[in-house]
Structure formats: structure tokens, C-alpha cells
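# Model the following, please.
(chains A, B, C and D)
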Number of protein chains: 2
Amino acid sequence: MDEAKRKKLEDKGWKVGTVSEFLDLTPEETTLIEIKLALSRNLKERRQKSMTQAELADKLHSSQPRVAKAENGDASVSIELLIRAMLATGATPQEIGQVIAQVG
Amino acid sequence: MDEAKRKKLEDKGWKVGTVSEFLDLTPEETTLIEIKLALSRNLKERRQKSMTQAELADKLHSSQPRVAKAENGDASVSIELLIRAMLATGATPQEIGQVIAQVG
DNA sequence: CACAAGTATATCAAATATGATATAAATGAT
DNA sequence: ATCATTTATATCATATTTGATATACTTGTG
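Have a look, this model is predicted:
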């Protein structure tokens, strides 16, 4: 993992630590993070096509800041919220499954 | 939704309420529950093929009771834990995506 | 430039999910 | 039927995730 990518994850709150510490992440932990980031990216794409973060937040009964965090892959956002957000944009289980299946 | 199915969900802690209250669940809420239940079922199937709940709990750094709840579709279990558990059984993102895509 | 709309960041109290522990119930082998 | 293994249920203190709020930053438009 290059330094730039490491810093990017750290800035989002992922406990990546140093490069050598990163090597201690199990494949499962790495995959989980990748799934979250894939959902984040996809959420942002979908949402931008039809509404603002504030509008999505309303549908979700959440808040604009939380949607921003979700879209930016912040570590404090659960997969659960990411999926609820995807559904609120109109995504189907098929589409969500696709996004996850693409990881790896 | 028939009465038997309703009771089943209530027993697991889902706030389904009466049948008429159930009708107030949005399609998104319903889909989210269905995704969780699909992951639960699949987790149980996968896990049973190769290990006990206690063994999976160790890999997960969780506990046997929590694995039991995960496999039984308990409402207190997050999608996050379900996915971590799937990964711990050796499931790939492809397989997890499949399970979710099958919902609906 | 000014101004508005949208997005990002910080903080925090409340809600929810967590692993641990104890223990009960179920399952299955002898 | 006994006994060991496995699974389910109950409780709980701790940790994480949450929506809310305030506010800063960015972007685009007049």
C-alpha cells in the first residue's frame, strides 16, 4: 500500500497506522473496509444524480453531515447506514449486491 | 403478512407490532430486514458446514451467544457483524453480494 | 466581487450494538 | 437414561454509532 493511499484512509478515521501495522490487518478486515468504501462511492454517485445531501438526509431521517460522512467513507459510518442510504436513493438489493460483489 | 410470520419476527425483536402497524413499514425498512434475514440464514448454512458457533466466535473475536443471535436473525445484530461473520466463514464479497442480490 | 446553495468538519448526548458471563435448553452418542 | 457437546436465552457494563447542532468551507451564479 502506498503512502498516499494510507494517508487517505487515516484521514477518514481508519486505524491503518503505519505501513507495517497495516500489514497486520487480516484479509477479512481489509475486505470489510473495501466493501464500505465501495458502498460509499456508489452512494455518492447515485445521490448526486437526483438530490442534495440534505434531501437524502430527510428521506433517511438522518442529517446532512451524516450523509456527507457516509459519502466520504468516514469510519464512523456503519454498513447499515450505507445500505439504508442506498435504499433511500432507490437502489434495489440487486444493485447493492452488485456493488459488494465487485469488491475483491 | 400472516400472523405466524409476524409472531416470528416479533420474537426476534423486530418492532413489527400489529399487522396494521406493520403496514406502516416503508418498503425500504422491509427490504433492510429481508437483507438481514437472508444474511442470517446464509451464515448459518455456511457455518454449519465447517465449525461450531464457538469456533466461529473465536475467529470473529466475538462470543458464541452473539453468533447464535446472528444466525437466528435477532434484531440486535448489525449487518456489519453479519458480514464480518460471513467473511470469517470464508465467504467472498461475490458470495455476500449474491445473497443480498437475491432479496426482493 | 457578493451571495446563495451545497458540502465538509467538529462536538456531543442519546441510542444502539457489542463481547462477556452465567445458565438453560437441545442434541446426539454410548 | 446419562452425559458431553452444542446452541439458545438473559443480563449487563462498555464501546460504537447515531442524529442534532453549530459552523466552516467550497462552489457556482449573478
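# A:Arg84: helix or strand, and which one exactly?
Using DSSP states H and E, A:Arg84 falls within helix A:79-88.
# Please apply the same query to A:Gly90.
Under the criterion of DSSP H and E, A:Gly90 resides outside all helices and strands.
# What does it show for phi and psi?
When quoted as degrees, to the nearest 10, the phi and psi of A:Gly90 stand at phi 100, psi 0.
# mind listing what's buried in the strand or helix carrying A:Asp58?
Using DSSP H and E, A:Asp58 sits within helix A:53-60. Neighbour-count burial for helix A:53-60, with 16 or more other CB atoms under 10 Å in any protein chain shown as criterion, is recorded at A:Gln53, A:Leu56, A:Ala57, A:Lys59, A:Leu60. In this view, the C-beta of every residue, glycine as well, is placed from N, C-alpha and C.
# so what's the second one up against?
Pointing back at A:Leu56 there. Contacts here follow CB atoms under 8 Å, 6 or more residues apart in numbering or on different chains; on that basis A:Leu56 touches A:Arg47, A:Val67, A:Ala85, A:Ala88, A:Thr89.
# tally of neighbours for the third one?
Counted with other CB atoms under 10 Å in any protein chain shown, residues neighbouring A:Ala85 total 27.
# Settle this for me: it is touching A:Asp58, isn't it.
No. In this structure A:Ala85 lies outside contact range of A:Asp58 using CB atoms under 8 Å: 11.9 Å.
# Now the common contact residues for these two.
Here A:Ala85 and A:Asp58 have no joint contacts, going by CB under 8 Å, 6+ apart.
# Which SSE is immediately downstream of the helix or strand of chain A with the lowest mean pLDDT?
The helix or strand of chain A with the lowest confidence, counting by mean pLDDT, DSSP states H and E, is helix A:19-22 at a mean of 51. Moving toward the C-terminus from helix A:19-22, the next helix or strand (DSSP H and E) is helix A:27-50.
# Just checking the distance from that following helix to the centre of its chain.
4 Å (CA atoms, centre = their mean, to the nearest Å).
# In terms of secondary structure, what does that helix contact?
Contacts defined by 3 or more CB pairs under 8 Å, 6 or more residues apart in numbering or on different chains; DSSP states H and E place helix A:27-50 against helix A:64-71, helix A:79-88, helix A:93-101, helix B:79-88, helix B:93-101.
# Can you add mean pLDDT and distance to A:Leu9 and give the ones you listed back as JSON lines?
As requested, those are exported to JSON lines (pLDDT from 0 to 100; distance: least, CB to CB, whole Å):
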{"stretch": "helix A:64-71", "mean pLDDT": "98", "distance to A:Leu9": "15"}
{"stretch": "helix A:79-88", "mean pLDDT": "98", "distance to A:Leu9": "16"}
{"stretch": "helix A:93-101", "mean pLDDT": "98", "distance to A:Leu9": "19"}
{"stretch": "helix B:79-88", "mean pLDDT": "98", "distance to A:Leu9": "18"}
{"stretch": "helix B:93-101", "mean pLDDT": "98", "distance to A:Leu9": "18"}
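# Now for the residue nearest to A:Val67 when sequence neighbours are not counted: which residues touch it?
Leaving aside its sequence neighbours, A:Val67 sits nearest to A:Gln53 (CB to CB, 6 or more residues apart in numbering or on different chains; 4.3 Å). Residues near A:Gln53 by CB under 8 Å, 6+ apart: A:Arg47, A:Gln64, A:Val67, A:Ala68, A:Glu71.
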